[in-house]
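Enquirer: Okay, predicted coordinates and the sequence, questions at the end:
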Amino acid sequence: MKTFVFIIFLLYGLFFHLCIGYAHTIKGALDICHLERGYYCYAWACSRDFPHKFIVLRLSFDGRSIITPAILADAAREQSVGKECGKNAYRGAFFDLDNSIVDLLADGNPHEITLEALDPETNKYVALESKIVKGTPAKPVVFFQQIPYQGFILNPTSINDIGNLPRGVFGVANWDGINASIDFNEATRLCLNSKQHEPSDRKTTLLRSTPFYIFPEKINPWLAGKKLSVSVSLEVISAEKWEGGEVYLVMYTLWSDDGGRKFWLGWQLFDLRAMEEFVMLDGCNTCTGWPIVAGHANGGIYGHPALDSARLLSFPGRYPAVKYTIQVTWENFVNAISAVNKMQGIADLPDNPLRYKLESLWLNPEICIGAPRAGGILDIQFFDLSISAQ
């Protein structure tokens with residue numbers, strides 16, 4: 001009899017453990033949806049009982065007449081979300097709404113949008129939050145798009161010449177006496193090789209040849225929309241490093257506030273290292289001295305890859321051309337301003353994106369040669385460098 005009772009309790013305990021061992025009470029919010037400009041939404045979700053586990057989310061519209069593809073809520077969010085999710089700030093989700101949804105929402109009528117989470121216990125979606133929204137038609141405004149076969153080469157003596165570069169034309173700047181090989185064709189080809197190119201100043205720690213476009217007049221793209229798209233099609237033909245050298249490529253934008261204070265906002269596309277987002281001062285002896293906020297092609301708090309965008313390349317070899325499209329939202333830009341303001345010695349920058357203007361767009365293929373025998377090779381070609389707003 002005692003054995004029978006023990007077995008009953010054992011089976012009950014096992015059944016109870018299985019029932020509660022992965023039972024989820026999911027919490028979350030559809031906290032931001034821009035449907036007048038930009039067409040995107042932010043959300044977050046986590047399990048109350050198991051905050052270390054990720055939750056699958058999707059959006060549905062008008063009683064599931066349209067449903068977005070499911071995504072994992074694993075994107076970086078602010079610390080307030082982390083407090084809700086057991087100090088795990090990587091519980092966010094970014095939904096870039098496609099044309100079918102834009103067409104639905106822009107018909108002038110109110111629509112219901114619902115955040116749904118997949119319950120791991122039942123394998124069914126449950127509604128977390130709904131909103132009634134009304135969209136407006138929106139077409140992208142293209143500020144710059146690279147034209148094939150066109151470009152010129154400049155040889156600035158130092159970074160101090162950056163303010164004297166020509167405006168309104170696409171070109172490539174060979175810095176510090178570097179005579180890099182550049183070919184303008186259907187795709188622009190550029191090759192840096194530390195064995196062939198030596199800077200004029202032996203104290204120079206970077207080999208740089210940077211394609212750029214400086215706007216004829218500074219523009220405020222946030223007046224045109226709340227989401228920027230910065231894009232380029234890139235092929236890494238060859239990349240290697242030796243003796244402590246580093247080889248990488250970042251796509252940058254240069255911004256200034258209404259007081260003339262500048263900072264770089266960029267996204268890492270290629271790096272032989274496995275890199276994360278970072279903030280630093282552009283402070284080498286041949287650098288601008290302006291703050292740098294570097295996001296990531298894989299996404300983060302400073303930008304999101306479009307659904308069809310390539311992700312960070314971090315290993316050597318030959319690749320076919322892949323297209324990077326980084327979506328930079330109003331919120332991403334506010335995050336970048338906040339990051340700059342946290343840097344030591346930086347005066348408070350305004351937190352309103354409307355007080356900033358875009359000055360220029362850059363590709364920065366670089367080889368770091370800080371160590372005595374450090375070097376590398378970076379051979380690339382690219383086309384369709386562009387920036388637009390929606």
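Expert: It's in. These figures come from a predicted structure and were not determined experimentally.

Enquirer: okay, and the helix or strand of this structure with the least pLDDT?
Expert: Here the helix or strand of the chain ranked lowest by mean pLDDT, DSSP states H and E is helix 2-20, holding a mean of 40.

Enquirer: okay, the residue lying closest to residue 327 once chain neighbours are set aside: pLDDT?
Expert: Using Cβ to Cβ, 6 or more residues apart in numbering and skipping residues adjacent in sequence, the residue nearest residue 327 is residue 304, 4.7 Å away. For the C-beta atoms, the positions are set from N, CA and C on the backbone; glycine is no exception. pLDDT for residue 304: 94.

Enquirer: so how many other residues sit close to residue 304?
Expert: 26 (other Cβ atoms under 10 Å).

Enquirer: can you tell me the helix or strand for it?
Expert: strand 304-305 (DSSP states H and E).

Enquirer: neighbouring strands for that strand, and are they parallel or not?
Expert: strand 322-329 (antiparallel) (DSSP bridges).

Enquirer: Report all helices and strands that the helix or strand following the partner strand contacts.
Expert: Note on strand 322-329: by DSSP H and E, the next helix or strand toward the C-terminus is helix 330-341. Judged by 3 or more Cβ pairs under 8 Å, 6 or more residues apart in numbering; DSSP states H and E, helix 330-341 is in contact with strand 262-271, strand 291-296.

Enquirer: so which of those strands comes closest to residue 365?
Expert: For those, the distance to residue 365 is smallest for strand 262-271, at 8.1 Å, taking Cβ to Cβ.

Enquirer: average pLDDT for that closest one?
Expert: Mean predicted lDDT for strand 262-271 stands at 97.

Enquirer: Mind listing what's buried along it?
Expert: For strand 262-271, a neighbour-count test (16 or more other Cβ atoms under 10 Å) marks 263-271 as buried.

Enquirer: quick check: angle from it to helix 330-341?
Expert: 110 degrees (axes from the mean of the first three to the mean of the last three Cα atoms, to 10 degrees).

Enquirer: Can I get strand 262-271 in PDB, CA atoms only?
Expert: Provided in PDB are the C-alpha atoms of strand 262-271 (Å, rounded to 0.1, in the frame of the first residue of the first chain):
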ATOM      1  CA  LYS A 262      28.900  67.000 -35.600                       C
ATOM      2  CA  PHE A 263      28.900  63.300 -35.100                       C
ATOM      3  CA  TRP A 264      29.200  60.200 -37.200                       C
ATOM      4  CA  LEU A 265      26.400  57.600 -37.300                       C
ATOM      5  CA  GLY A 266      27.400  54.400 -39.200                       C
ATOM      6  CA  TRP A 267      26.800  50.700 -39.600                       C
ATOM      7  CA  GLN A 268      29.400  47.900 -39.800                       C
ATOM      8  CA  LEU A 269      29.100  45.900 -43.000                       C
ATOM      9  CA  PHE A 270      32.400  43.900 -43.100                       C
ATOM     10  CA  ASP A 271      34.900  43.100 -40.500                       C
END
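
Enquirer: C-terminal to that strand, which secondary structure element comes first?
Expert: strand 278-281.

Enquirer: hey, what's the residue nearest the centre of the chain bridged with?
Expert: For the chain, the residue sitting closest to the mean C-alpha position, by Cα atoms, centre = their mean, is residue 303 at 3.0 Å. Bridge pairing for residue 303 (DSSP bridges) gives the partners residue 300.

Enquirer: show me what contacts it?
Expert: Residues in contact with residue 303 (Cβ atoms under 8 Å, 6 or more residues apart in numbering) are 230, 267, 295-296, 326-329, 332.
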